[in-house]
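1. fold the following for me, if possible:
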Amino acid sequence: MPHRNAPLTETGRLRLARCVVQDGWPLRRAAERFQVSVSTAQRWATRYRELGQAGMADRSSRPHHSPRRTPTRTERRIIKVRVLRRWGPARIAYLLGLPPSTVHRVLTRYGLPRLRHLDRATGHTIRRYEHHAPGDLVHVDIKKLGNIPDGGGHRVHGRATGTRNSSAHRDPARPRTVHGRPNLGYSYLHNAVDDHSRLAYTEILPDETKESATAFWQRAQTFFANAGITVQRVLTDNGSCYRSHLWRDTLTTAGITHKRTRAYRPQTNGKVERYNRTLLDEWAYYQPYTSETERRTALPHWLHTYNHHRGHTALGGLPPASRVPNLTGQNI
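-> Now for the predicted structure:
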């Protein structure tokens, strides 16, 4: 494919060359006719004499010799370090005494995938998938989150003074940790994300017991059903609540197949793991809340924004609601 600013296509080059070689046109006349320089007209005419019509194609601009190219032995060392240690260009360059740009060019030239596309445990390329319809698979997970003291924690007052205005200091009966910080306990975010649409449902519960997890799923299933989604399969990790008979019987009664990830392989449940990260970045830690109540009050609005308005990169910049036609309240 010729350069977009090239004055001649392959057909134009052939016409120019035939005018000079076959019809006997002077080079200057042919150059004026096709609006190119005389040297360009001579080049295409010479190639036509030597190679015929095949000589009109573009040639590679790569030089025949590259005396300053990185030696093959060094390239092999770069590839070996990348494969065995799974390091980035900067660390490899420091180890081998090379510029990071050189290491990056070598990795690119040999087509090695980026580190974020690799499983850090095995070094294998992560195989990404997406089910064809909403409800084919729903990812479920629990995220543990520390509660915020009244008056704000360290994000409001700083780590040195973040506990001075906490509710624990105003209430002598409130227990403390061994480090003197208020022991306010934890909340547990129970999350369910549809694999195809990325439609999400989240609740904040006080624990991660089998009873709480099962009750959460029943409400999540109702949420998906109201959106017109019939859940076929559920994928979870190997937490004790998901290995319980109560969880198993609840899903079996609803006609849902339960799948569990392989041990130490959270990537299999990657969509809800990525949702957990988004939840923390854009809601839980998005601003310095002054109380746990304030943070919890902000969750419904954020969840609605995520489902109905926030663009998702995996969906071409569209929100999850774009893949769920029956979801109500989309334009609120």
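
2. please enumerate the helices of the stretch 1-150 of the chain.
-> Assigned by DSSP state H, counting those that start in this stretch, the stretch 1-150 of the chain shows helices spanning 10-21, 27-34, 38-51, 72-85, 89-96, 100-109.

3. could you give the number of residues near the nearest residue to residue 261 once chain neighbours are set aside?
-> Closest residue in space to residue 261, ignoring its immediate chain neighbours: residue 268 at 4.1 Å, by Cβ to Cβ, 6 or more residues apart in numbering. Every residue, glycine included, has its C-beta placed from N, CA and C. Residues contacting residue 268 under the criterion other Cβ atoms under 10 Å number 17.

4. so for residue 268, what's the pLDDT?
-> At residue 268, the pLDDT value in this model is 77.

5. pick the most deeply packed of the helices of the stretch 1-150 of the chain.
-> Burial of the helices of the stretch 1-150 of the chain is given as mean neighbour count (mean count of other Cβ atoms under 10 Å); helix 10-21 ranks first at a mean of 19.

6. quick check: residue 109 vs residue 243, distance?
-> Using Cβ to Cβ, to the nearest Å, residue 109 is found at 47 Å from residue 243.

7. show me the domain layout of this structure.
-> Domains of the chain are assigned by automatic domain parsing as 10-56, 72-117, 138-147+185-323.

8. in JSON lines, list those along with distance to residue 65.
-> Output for the domains of the chain, formatted as JSON lines (distance: least, Cβ to Cβ, whole Å):
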{"stretch": "domain 10-56", "distance to residue 65": "21"}
{"stretch": "domain 72-117", "distance to residue 65": "15"}
{"stretch": "domain 138-147+185-323", "distance to residue 65": "43"}
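
9. what's the closest of the ones you listed to residue 62?
-> Of all the domains of the chain, domain 72-117 sits nearest to residue 62, with 11.8 Å by Cβ to Cβ.

10. check the offset of the closest one from the chain's centre.
-> Put simply, domain 72-117 sits 22 Å off its chain's centre (Cα atoms, centre = their mean, to the nearest Å).

11. what's near enough to touch the residue nearest to residue 322 when sequence neighbours are not counted?
-> Nearest non-adjacent residue to residue 322, counting by Cβ to Cβ, 6+ apart: residue 315, 6.5 Å away. Each residue near residue 315 by Cβ atoms under 8 Å, 6 or more residues apart in numbering is listed here: 197, 198, 322, 323.

12. the same query, at a cut-off of 7 Å, please.
-> 198, 322, 323 (Cβ atoms under 7 Å, 6 or more residues apart in numbering).

13. which one of the residues you listed sits closest to residue 7?
-> Closest approach to residue 7 among the contacts of residue 315 (Cβ to Cβ): residue 322, at 45.4 Å.

14. looks like residue 284 contacts residue 145 (just checking).
-> Yes: counting by Cβ atoms under 7 Å, residue 284 touches residue 145, with 6.1 Å between them.

15. any idea how far residue 187 is from the residue lying closest to residue 148 once chain neighbours are set aside?
-> Once flanking residues are discounted, residue 148 sits nearest to residue 292: 4.4 Å by Cβ to Cβ, 6+ apart. In this view, residue 292 and residue 187 are 7 Å apart by Cβ to Cβ.

16. between the two, what contacts are shared?
-> Common contacts of residue 292 and residue 187, defined by Cβ under 7 Å, 6+ apart, comprise residue 147.

17. all strands for the stretch 101-250 of the chain, in order.
-> In the stretch 101-250 of the chain, the segments counted as strands under DSSP state E, counting those that start in this stretch are 138-146, 186-194, 200-205, 233-236.

18. just put the ones you listed in CSV and tack on mean neighbour count and mean pLDDT.
-> Shown next, in CSV, are the strands of the stretch 101-250 of the chain (neighbours: other Cβ atoms under 10 Å; pLDDT from 0 to 100):
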stretch, mean neighbour count, mean pLDDT
strand 138-146, 20, 94
strand 186-194, 21, 95
strand 200-205, 19, 96
strand 233-236, 21, 95
